[in-house]
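Visitor: Need the 3D shape of this:
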Amino acid sequence: MKKSLLALAVLGAFSAGAAAQSSVTIYGIVDIGIQYNTFGVNRGTTGAPNWQQESNWGVDGGYQSGSRLGFRGSEALGGGLNAIFTLEAGFNPDLGTSGQGGRIFGRQAWAGFQGNFGTVVLGRIATPSSGTGSFDQFGQVDPFSTGWGLIGLQATFIPSSTLREDNSILYQTPTWGGFKFAAQYSFNVDTGETAPQGSNTSAFNLGASWGAGPFYAAVTYDVIQYADAGSPGRTSAGNPDQKMLQLGGTWDFKFAKLHAAYADQKAISTVISLGGVGNPLGGGAFVPVGVGNFNNQAYMIGVTIPLGANAKILGSYQDSDAKNIQNGLSSFEPDYNVWGIGFEYAFSRRTNLYVGYGQRSWDGRISDTAGVLLPQAAQIFDRDQFALGIRHVF
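Guide: Here you go, the predicted model:
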């Protein structure tokens, strides 16, 4: 009897130890507020467009940060090795609907291993350049952390517009003396892989960052490798590789933090680029039919000014300059600039109030020739956006 009780006690101790070494955390953000927006709206027809500037007030979510619900877990496997996973769903609190095109875990969905060697994961992964996700290295270069609606870095920096890729494998090093490196490869950036392999749009992504004291710097490089010409169901098939370089950094003087960034974006093409319909990459300016691709350079300068322990002012200015437009349509040149200012007040560690205002000014040309698909009306007209809201982190 005593031996049986001793055996049960030992078994219970081992079970408790195993349970203590694994965990699952539920986390999320709810961001909701009131917004004022101006848009360009076509009051005519496709053949006879009549663009008008319109505005509206409404309740909208996800201004400062995209609302989300996530599950993060790890299990110690021994020898310093851990099994890890993250499942993160985006949602629209103003509508109660799913984000990211209705995907269940559209923001992140991955699993893998972590140890002294670094981290290896597979799944739907936000890239190191994306400004979001578990492996982002570029978001903190932006004073608005690639949020705040119209005025975040994502307005002109394509990869920082939440570049997420399906079917990915990623490796990230441990942090060595403030330095960190990551490499990612996607076998098909959107939806499942098909045969032959060349019919998929693949991508590889690199990111490196270094932080020491008041200084932080990051560089990322993304290449979207379009499907082979003639691949069924791929309207972007045969397009040249889209290559995007981002450089940025911050310097914290305590009384103010300065931000700066530069992007060199080459061969931006018709569908997977700058906000095309069904585009998994996001971005700022639509590419009309008839334009094969174009290059773009973007710049950002910004500042964060703390106001005591609980408040801060944020501001930035961005410029986007299109170059080398291919395949005709010389009247298409999507140049624009963006500026914005924001205020944040923290009631607690988890809850804050925000106020933001920004403008995007179109400074380019666009064709209205019959038979040419014009860009989204919102891109032609100058845009204004004001937001007042609350964000709760849990």
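
Visitor: make it CA atoms for all contacts and neighbour counts henceforth
Guide: OK.

Visitor: Where does the prediction get shaky in this protein?
Guide: For the chain, residues meeting the criterion pLDDT under 70 lie at 1-20, 46-49, 51, 235, 270-291, 327-332, 364-381.

Visitor: residue nearest the centroid of it?
Guide: residue 162 (1.5 Å; Cα atoms, centre = their mean).

Visitor: Give me the residues contacting the helix or strand encompassing residue 261.
Guide: Following DSSP states H and E, one finds residue 261 within strand 257-269. With contacts defined as Cα atoms under 8 Å, 6 or more residues apart in numbering, strand 257-269 is touched by 141-143, 157-158, 236, 239-252, 274, 287, 291-305.

Visitor: Within the sheet, what are the partner strands of that strand, with directions?
Guide: Strand pairing for strand 257-269, using DSSP bridges, gives strand 242-252 (antiparallel), strand 293-307 (antiparallel).

Visitor: A strand includes the residue nearest to the centre of the chain, no?
Guide: No. Applying DSSP: H, G, I helix; E, B strand; the rest coil, one finds residue 162 to be coil, outside a strand.

Visitor: Next, count neighbours for the residue nearest to it when sequence neighbours are not counted.
Guide: What sits nearest to residue 162 in space, not counting adjacent residues and going by Cα to Cα, 6 or more residues apart in numbering, is residue 130, at 4.7 Å. Neighbourhood size, residue 130 [other Cα atoms under 10 Å]: 26.

Visitor: how much space between residue 135 and residue 128?
Guide: Distance of residue 135 to residue 128, given as Cα to Cα, to the nearest Å: 5 Å.

Visitor: Surely residue 98 and residue 91 touch.
Guide: Yes. Contact criterion Cα atoms under 8 Å: residue 98 and residue 91 qualify, at 4.2 Å.

Visitor: between those two, who's got more neighbours?
Guide: Between residue 98 and residue 91, residue 91 has the larger neighbour count (other Cα under 10 Å), namely 27 against 18.

Visitor: so how far is residue 170 from residue 308?
Guide: In terms of Cα to Cα, residue 308 sits 39 Å off from residue 170.

Visitor: Those two: which is more packed in?
Guide: residue 170 (24 against 8).

Visitor: Who's the closest spatial neighbour of residue 249, skipping the chain neighbours?
Guide: Leaving out its chain neighbours, the residue that sits closest to residue 249 by Cα to Cα, 6+ apart is residue 217, at 4.1 Å.

Visitor: before we move on, the earlier item: list buried residues within the contacts of strand 257-269.
Guide: Buried subset of the contacts of strand 257-269 (neighbour count, 16 or more other Cα atoms under 10 Å): 141-143, 157-158, 236, 239-252, 274, 287, 291-305.

Visitor: Check the burial of residue 195 by counting its neighbours.
Guide: 8.

Visitor: Which parts of the stretch 151-300 of the chain are strands?
Guide: 164-172, 179-186, 202-212, 215-225, 242-252, 257-269, 293-307 (DSSP state E, counting those that start in this stretch).

Visitor: that older thread, phi, psi of the residue nearest to residue 162?
Guide: phi -80, psi -20 (degrees, to the nearest 10).

Visitor: try residue 393
Guide: phi -110, psi 130.

Visitor: go on, residue 146?
Guide: phi 50, psi 30.

Visitor: what inclination does the strand holding residue 261 have with respect to strand 215-225?
Guide: 10 degrees (axes from the mean of the first three to the mean of the last three Cα atoms, to 10 degrees).
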